[in-house]
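A.B. asks: My questions are about this predicted structure, shown below with the sequence.
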Amino acid sequence: MDRVMALKGAPAAGVEGKAASMAPHQPDQPVVIEARPLSSCGDIVEAWSHLAARALEPNPFFEPGFLLAAAQHLVAFRDVTVLLAWQGTAEGPQRRLLGFVPVFPRHGFFLPDALIGLSDRRIASGVPLIDRQRAAAVIDTLLSPRRQRLIDGQGLVLRAIDRDGPLAATLQEVAGGDRRVALSGTVLPAGGMPRTVISAHAPDNPAGVKLVEPRAQADLRDAVEIILALEASGARGRAGAATLHDTREVGFLRAMTRYLARGRQCRVGLLMREEIPLAGAVLIGRGAHSWLYLAVENEAEAHWQPLHALLAAMRRAMPARRIILPADLAWEGEGGLSLADLHLASGARTTPRDLAGRAREAIRRSLSRLPRGGGGGLKPPRAGAA
């Protein structure tokens, strides 16, 4: 009953998204997989946001406010395809979005396609958004070789997944009950990957230093500009690598923080002494976790680590929310994350009939590629693309 669709166009804006977001939970309905370009997902924002709120494992990097801003401003995100798992058929009135899996398809001719989970230096977690109530059904649909050939051969590779998280546990459960599915994980190197959870303890701040966390949209926007200026005044600015020096990057950051802040998924903190900024940080995320996206400190004050003091103060302000740091901030924390690339593949079928079927599928796919926003075949991003 499940099927794969590659759509060149998008439905009427708002209609599908509203109906899908309000549809009730119906476990008996079929799960349908649709593949469409990320740039064409603007009309399902409401359903997408509702899915993110009830996801098995929340991920701010795959929220609409992050990915749509990235697709608009950054070249590296323009070739991203999204696998959408829907409950019910396209014609049904009770359609509901159950899964959102952004990937880079790698097309072959006679070789099977491979789906590589979206990864980028700006994305610290690659866990897809999957409805917590229907996670096993969505994963089974993605993996089942009898229903589709999405991950035939080299399979689906999910990047930067928490090995101890709910998604990994569900994947192990599904794979354990199906011999056609192989699940393997390799721990990622620590450099540059998130691992540490900041502690609320830090040395006492000098007199006259205070934490400022703006709540109003206009104040938050001004705080982001202060952080950008502080970064540009330091070593990254002198090296020409500051965010303000890249028009695409600064446009993305401004749009992303603005969109996420509307849903209370973005915190911007400043450590101030009167009118002088000593450190600034941008955190994104919902629920129990926040991820440090951008952080900078005043070089003249670096001897007493104002950035460390800022993050500890932000943790104390919301003690129930853990702040996950990149590995290059080597402070003592409260544990860390074990991230892995998870490789999911259906069992190989090598009979002549299976090989002939795979060849026919490869020819069909080579003649009908998934479209980009402006047309043309999908390709993996070039190394170093913005």
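C.D. replies: Yes, it's here.

A.B. asks: ok, the top strand by length along the chain: who's next to it in the sheet?
C.D. replies: Longest strand in the chain, counting residues (DSSP state E): strand 96-106. Here strand 96-106 is paired, per DSSP bridges, with strand 81-87 (antiparallel), strand 114-117 (antiparallel), strand 129-130 (antiparallel).

A.B. asks: can you give me the mean pLDDT across that strand?
C.D. replies: Strand 96-106 carries an average pLDDT of 91.

A.B. asks: Repeat that for stretch 259-277.
C.D. replies: On average, the pLDDT along stretch 259-277 is 95.

A.B. asks: okay, how far is it across it, tip to tip?
C.D. replies: Using CA to CA, to the nearest Å, the end-to-end distance of stretch 259-277 comes out at 24 Å.

A.B. asks: Kindly report the same for stretch 239-251.
C.D. replies: Using CA to CA, one end of stretch 239-251 lies 20 Å from the other.

A.B. asks: going forward can the numbers begin at 329, since that is how I track them
C.D. replies: Done: numbering now begins at 329, and the last item shifts to stretch 567-579.

A.B. asks: one step back: could you identify which of the strands paired with strand 424-434 is most buried?
C.D. replies: strand 457-458 (a mean of 26; mean count of other CB atoms under 10 Å). Yep, even glycine has a C-beta here, placed from its N, CA and C like the rest.

A.B. asks: what comes into contact with that one?
C.D. replies: Taking contacts as CB atoms under 8 Å, 6 or more residues apart in numbering, the residues outside strand 457-458 that touch it are 376, 379-380, 383-387, 390, 413, 426-429, 466-467, 495, 498.

A.B. asks: make it 10 Å
C.D. replies: Residues from elsewhere that reach strand 457-458 (CB atoms under 10 Å, 6 or more residues apart in numbering): 376, 379-387, 390-391, 413, 425-430, 464-467, 470, 494-495, 498.

A.B. asks: re the thing from before, now render the strands paired with strand 424-434 as CSV, adding mean pLDDT and distance to Val578.
C.D. replies: Formatted as CSV, the strands paired with strand 424-434 follow (pLDDT from 0 to 100; distance: least, CB to CB, whole Å):
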stretch, mean pLDDT, distance to Val578
strand 409-415, 93, 26
strand 442-445, 83, 27
strand 457-458, 97, 27
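
A.B. asks: just so I know, which of these lies nearest Ala616?
C.D. replies: Evaluated with CB to CB, the strands paired with strand 424-434 place strand 457-458 nearest to Ala616, the distance being 16.3 Å.

A.B. asks: Now the following helix or strand past the closest one: buried residues?
C.D. replies: Next in sequence after strand 457-458, counting helices and strands by DSSP states H and E, comes helix 463-471. Neighbour-count burial for helix 463-471, counted by 16 or more other CB atoms under 10 Å, picks out Ala463, Ala465, Val466, Ile467, Asp468, Thr469, Leu470, Leu471.

A.B. asks: Just give me the closest of the residues you listed to Met646.
C.D. replies: If you rank the buried residues of helix 463-471 by distance to Met646 using CB to CB, Ala463 comes first, at 27.6 Å.

A.B. asks: My guess is the closest one contacts Glu501. True?
C.D. replies: Yes: taking contacts as CB atoms under 10 Å, Ala463 lies within contact range of Glu501: 9.4 Å.

A.B. asks: Do I have it right that Ile651 meets Arg595?
C.D. replies: Yes: using CB under 10 Å, Ile651 makes contact with Arg595 at a distance of 9.2 Å.

A.B. asks: Just the helices from the stretch 379-528 of the chain, written as ranges.
C.D. replies: Listed in chain order, the helices of the stretch 379-528 of the chain (DSSP state H, counting those that start in this stretch) span 392-401, 463-471, 494-504.

A.B. asks: The second one versus strand 424-434: what angle between them?
C.D. replies: The one in question is helix 463-471. If you take axes from the mean of the first three to the mean of the last three CA atoms, to 10 degrees, helix 463-471 sits at 40 degrees to strand 424-434.

A.B. asks: Distance of Val497 relative to Ser447?
C.D. replies: In this structure residue 497 is Ala, not Val. 22 Å (CB to CB, to the nearest Å).

A.B. asks: These two - which one has more neighbours?
C.D. replies: Ser447 (18 against 15; other CB atoms under 10 Å).

A.B. asks: Spatially, which residue comes closest to the more buried one, not counting chain neighbours?
C.D. replies: What sits nearest to Ser447 in space, not counting adjacent residues and going by CB to CB, 6 or more residues apart in numbering, is Arg487, at 3.9 Å.

A.B. asks: measure the one you found to Ala648 for me?
C.D. replies: For Arg487, the distance to Ala648 equals 28 Å [CB to CB].

A.B. asks: Ok, Gln415 next?
C.D. replies: From Gln415 to Ala648 the distance is 32 Å (CB to CB).

A.B. asks: In terms of helices and strands, where is Leu657?
C.D. replies: Following DSSP H and E, one finds Leu657 outside all helices and strands.
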